[in-house]
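In: Quick one, what's the 3D model for this:
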Amino acid sequence: MANRREQQTDLTPAEATDRIWELAEDIDVCMFVTWDGEYNRARPLSARVVREENAIYFLVNDDSAKSKQLSTYRKVTLAWSDNSHYKYVTMSGPATVTNDREKIAELWEKTDSAWWDNADDPEIRLITVKPDEGELWDSPGLMMATATMVFAAVTGAKPNVGDNAKVEL
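Out: Model (predicted):
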């Protein structure tokens, strides 16, 4: 078996951090992963990414399973995927569930009316994630990634298909 090592990056930690936040905001919907004591549980949620507050916010129902899981296990992982452009981001950190009505109103978007009548709905809760680590896989796109992998297969060279970086946030 070939000797494998993780993909390297030319990004500085500050550049990688900037790119992680940028991709998370651009991609929007992420897989929100909790732990229920036996299994990881993942579900897609629209993320309100606010880097200036080092926070990602989610509006959820008060009686949701994720809210119950977070009362016991606060650590979550958020995973964003832009498959068409080969761009992926994860962030992990502690999450809290609150009933911050002011923040809920501030974050309310028109599309939220698909789930609730308005921001005053008493069933809405706010999940706040304060990420402490992040990782990105940022490819130059399908055409370049494909060409790079074909070249590597023909020459035996290790393909460089973009940046991969882990950082503390």
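In: Poorly predicted segments of this protein, please.
Out: 1-8, 140-163 (pLDDT under 70).
In: mind listing the strands in it by residue range?
Out: Secondary structure of the chain by DSSP state E: the strands cover 29-35, 40-46, 48-50, 55-61, 75-82, 87-98, 124-129, 133-138, 163-168.
In: residues in contact with the longest one?
Out: By that I understand strand 87-98. 20, 23-24, 27, 34, 56, 60, 67, 70-71, 74-82, 125-139, 169 (C-beta atoms under 8 Å, 6 or more residues apart in numbering). Glycine gets a C-beta too; all of them are placed from N, C-alpha and C.
In: Filter those residues down to the buried ones.
Out: 20, 23-24, 27, 34, 56, 60, 67, 70, 76-81, 125-129, 131, 134-139 (16 or more other C-beta atoms under 10 Å).
In: Quick check: closest non-adjacent residue to residue 58.
Out: residue 127 (4.2 Å; C-beta to C-beta, 6 or more residues apart in numbering).
In: ok, now which ones touch that neighbour?
Out: So residue 127 contacts 32, 57-60, 66-67, 70, 95-97 (C-beta under 8 Å, 6+ apart).
In: One more: residue 42?
Out: 31-34, 79.
In: right, and the pair among those with maximum separation?
Out: 34 and 79 (12.3 Å; C-beta to C-beta).
In: who are the neighbours in contact with residue 28?
Out: 46-47, 80.
In: For it, give its distance to residue 93.
Out: 19 Å (C-beta to C-beta, to the nearest Å).
In: can you check residue 133 too?
Out: For residue 133, the distance to residue 93 - C-beta to C-beta - is 7 Å.
In: Quickly list what's touching both of these two.
Out: Common neighbours of residue 133 and residue 93 (C-beta under 8 Å, 6+ apart) are residue 169.
In: Report how far apart the opening and closing residues of stretch 120-131 are.
Out: 27 Å (C-alpha to C-alpha, to the nearest Å).
In: Show me what residue 31 is bridged to.
Out: residue 44, residue 79 (DSSP bridges).
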